[in-house]
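> Sequence and predicted structure, then a few things I'm wondering about:
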Amino acid sequence: MSSVYPYAGHQDPQIHRIMLAELQRQEDQIELIASENQTSLAVMDAVGSVLTNKYAEGYPGRRYYGGCEHVDEAESLAKDRLVELFAAERANVQPSSGSQANHAALLALAEPGARILAMDLNHGGHLSHGHPKNLSGITYEFFHYGVSPKDERIDYVALRKQANEVKPTVLLAGASAYSRTLDFELLADIAKEVGASFMVDMAHIAGLVAAGVHPSPVPHADVVTMTTHKTLRGPRGGAIVCKKEWIKKINSAVFPGMQGGPLMHVVAAKAIAFGEALQPAFRDYQQRVVENAQALANGLQQRGCRLVSGGTDNHLMMVDLRGPEGPAITGAVAEDALHAGGITVNKNLIPFDPEKPMLTSGIRIGTPAVTTRGFTTDDMDSVADWMNRLLRDPQNSELQQRVRAECLALCQQKPIYPQLRPESTLC
Ligand SMILES: Cc1ncc(COP(=O)(O)O)c(C=O)c1O
């Protein structure tokens, strides 16, 4: 019997096999999905702990269930650490996901039917920023701003003009696929000018902000939402920080507005992750995430690939696969070719994309996960080379096999969880 996940192994061999296979997949491929990362074993300890058994509707000291004395401590620690990490006034650590954090923030800031101005999904925004089929788009009247066709960066002049026309209740900033620094000071100024509340969704860049390698929205925004599992490298979940005048409305929007019992095992894991993010090593890690992104961007550009907006300031970049320099394939074909070569990415719409979302003309790639396992800027140049070869010959299975072997050799030099030793459990 394997010593990895022994209880699942004993009780449910089918799920145990899946867990081991996923562990092996993560170890053996190069993870470039910009929104993924690998948590510490300490974070996973908490997620797999007895705290999952506890109901704790309400907030520390004011619960609707008895026996909450220990989970109260965990939630208070998580909140205190989050407040310290972002120099925030107040925090709520209960949202079970980034989308739920966004729904709760909007519920606190605006009445149903209110006008919200947010970044266009097709230019890098998120579903929960007003997609017509998302609860956000169903509940509020959304208007969208985007990037300029000239430089593919947010056109702040056009945005100010649009804000003055729309007069939104909330100006919402933040994105899933935008590789440039966001000017939160300027955005806050626009919100103030039109009398809107200013909300920032920093899901992607929370880790960079915590480490001071991206400017912080916290001093400028009324409410800031985030996910805890991307650059922040914690468990899957969401969190909110806000100015003190908003905390009552935020708390009530999260519970009972959006959720019932919070996932206390995840709240404890968030506390561990925030504690890790407060350590000096976390700043070094985020610095390396950005350096690796620069190295990958340079490596791809030197080999003739076009990046949206010409590069990156943060942890991610968008590759435009169209001609004339591009390999002239869709994002869907690129995703498959890279996957066959041992590199995982996601297809993604790029600004002004003529393709449908299931095909796309681009891919989104990022460096948080590979940096966690210790990839260096030299490794990123190798990755750029492998990607370029795979993208320019996407049907060549012999090439895919060769590249896959090279990727595997690099991954084996830099295991993610050497303590879990998956190779010894799968044979
Ligand atoms: C900007 C942004 N906000 C919110 C989310 C939603 O997070 P979740 O998947 O946890 O709901 C994402 C996830 O990709 C995101 O990129």
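Right, received. Where do you want to start? Numbering: from 1, shown residues only.

> longest helix in the protein, by residue count?
Longest helix in the chain by number of residues (criterion: DSSP state H): helix 280-302.

> Parallel or antiparallel, which strands does whatever helix or strand comes next after that helix pair with?
Next helix or strand after helix 280-302 toward the C-terminus (DSSP states H and E): strand 306-307. Paired strands of strand 306-307, with direction, are strand 316-320 (antiparallel) (DSSP bridges).

> what residues does the partner strand touch?
Outside strand 316-320, the residues that touch it by CB atoms under 8 Å, 6 or more residues apart in numbering are 34, 124, 177, 179, 204, 293, 296-297, 300, 305-309, 311, 326, 334, 348, 350, 361-367. In short, each C-beta sits where N, CA and C put it, glycine included.

> Tell me the gap between that strand and the middle of its chain.
Mean C-alpha position of strand 316-320 versus that of the full chain (CA atoms, centre = their mean, to the nearest Å) differs by 15 Å.

> wait, does that strand make contact with the ligand?
No - with CB under 6 Å from any ligand atom as the criterion, the ligand is not reached by strand 316-320; the gap is at least 10.1 Å.

> Quick check: next helix or strand after that strand?
helix 331-340.

> Quick check: buried residues in that next one?
By neighbour count on 16 or more other CB atoms under 10 Å, the buried set for helix 331-340 is 331, 332, 333, 334, 335, 336, 337, 338, 340.

> Against which helices or strands is it packed?
Counting by 3 or more CB pairs under 8 Å, 6 or more residues apart in numbering; DSSP states H and E, the packing neighbours recorded for helix 331-340 are strand 346-348, strand 362-366, helix 377-392, helix 397-413.

> ok, residue 100 touching residue 262?
No - taking contacts as CB atoms under 8 Å, residue 100 lies outside contact range of residue 262: 10.6 Å.

> Same list, the buried residues of helix 331-340, but as CSV with distance to residue 38 please.
Supplementary listing: these in CSV, determined by distance: CB to CB, whole Å:
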residue, distance to residue 38
331, 24
332, 26
333, 28
334, 24
335, 21
336, 24
337, 24
338, 19
340, 23
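
> Relative to the ligand, how far out is residue 168?
Noted for residue 168: a distance of 18 Å to the ligand, by CB to the nearest ligand atom, to the nearest Å.

> Identify the residues contacting that residue.
114, 115, 116, 117, 143, 194, 196.

> can you do 10 Å?
110, 114-118, 140-143, 162, 191, 194-197 (CB atoms under 10 Å, 6 or more residues apart in numbering).

> Name the residues of this protein found near the ligand, please.
35, 97-99, 102, 126, 128, 174-176, 201, 203-204, 227, 238.

> What about those, which are in strands?
Cross-referencing these against strands under DSSP state E gives 201, 227, 238.

> low pLDDT regions in this protein?
Across the chain, residues meeting the criterion (pLDDT under 70) sit at 1-2, 422-427.

> For burial, what's the neighbour tally of the residue nearest to residue 291 when sequence neighbours are not counted?
Closest residue to residue 291 apart from its sequence neighbours, by CB to CB, 6 or more residues apart in numbering: residue 377 at 5.8 Å. Residue 377 has 16 neighbouring residues, counting by other CB atoms under 10 Å.

> begin at 289 from here
Done: numbering now begins at 289, and the last item shifts to residue 665.

> Could you verify my assumption that residue 665 touches residue 585?
No - in this structure, residue 665 is not within contact of residue 585 by CB atoms under 10 Å, at 11.1 Å.

> where do the contact lists of these two overlap?
Among the neighbours of residue 665, those also in contact with residue 585 (CB under 10 Å, 6+ apart) are residue 655.

> give the contact list for the closest residue to residue 628 other than its chain neighbours.
Closest residue to residue 628 apart from its sequence neighbours, by CB to CB, 6+ apart: residue 688 at 4.1 Å. Taking CB under 10 Å, 6+ apart, we find residue 688 in contact with 624, 625, 626, 627, 628, 629, 630, 677, 678, 681, 682.

> any idea how far the ligand is from the second one?
Taken as CB to the nearest ligand atom, the spacing of residue 625 relative to the ligand amounts to 24 Å.

> for the third one, same thing?
Shown here: residue 626 relative to the ligand, a distance of 20 Å by CB to the nearest ligand atom.

> How much space separates that residue from residue 314?
Distance from residue 626 to residue 314, counting by CB to CB, to the nearest Å: 16 Å.

> Please apply the same query to the fifth one.
Here the criterion is CB to CB. By it, residue 628 lies 17 Å from residue 314.

> what does the last one give?
Taking CB to CB as the criterion, residue 682 is separated from residue 314 by 24 Å.

> Please identify the most buried of the helices and strands packed on helix 619-628.
strand 650-654 (a mean of 28; mean count of other CB atoms under 10 Å).

> Which strands or helices does that one pack on?
The criterion is 3 or more CB pairs under 10 Å, 6 or more residues apart in numbering; DSSP states H and E, and the helices and strands that strand 650-654 contacts are helix 568-590, strand 594-595, strand 604-608, helix 619-628, strand 634-636, helix 665-680.

> can you tell which of these is closest to residue 707?
Residue 707 lies closest to helix 568-590 among those, at 18.2 Å (CB to CB).

> how many other residues sit next to whichever residue of the chain sits closest to the ligand?
The ligand sits closest to residue 386 of the chain, with a gap of 2.5 Å, by CB to the nearest ligand atom. Residues lying near residue 386 (other CB under 10 Å) number 28.

> Would you check that it makes contact with residue 512?
No - using CB under 10 Å, residue 386 is not in contact with residue 512, being 11.8 Å away.

> overlap in contacts of the two?
Common neighbours of residue 386 and residue 512, using CB under 10 Å, 6+ apart, are 462, 489, 490, 494, 527.

> Can you convert these into a markdown table and add a column each for neighbour count?
Listed next are the shared contacts of residue 386 and residue 512 as a markdown table, based on neighbours: other CB atoms under 10 Å:
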| residue | neighbour count |
| --- | --- |
| 462 | 28 |
| 489 | 31 |
| 490 | 30 |
| 494 | 30 |
| 527 | 30 |
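
> Spit out the contact partners of residue 520.
Residue 520 sits next to 325, 327, 370, 373, 490-499, 514, 527, 558, 561-562, 564-565, 570, 574, 656 when contact means CB under 10 Å, 6+ apart.
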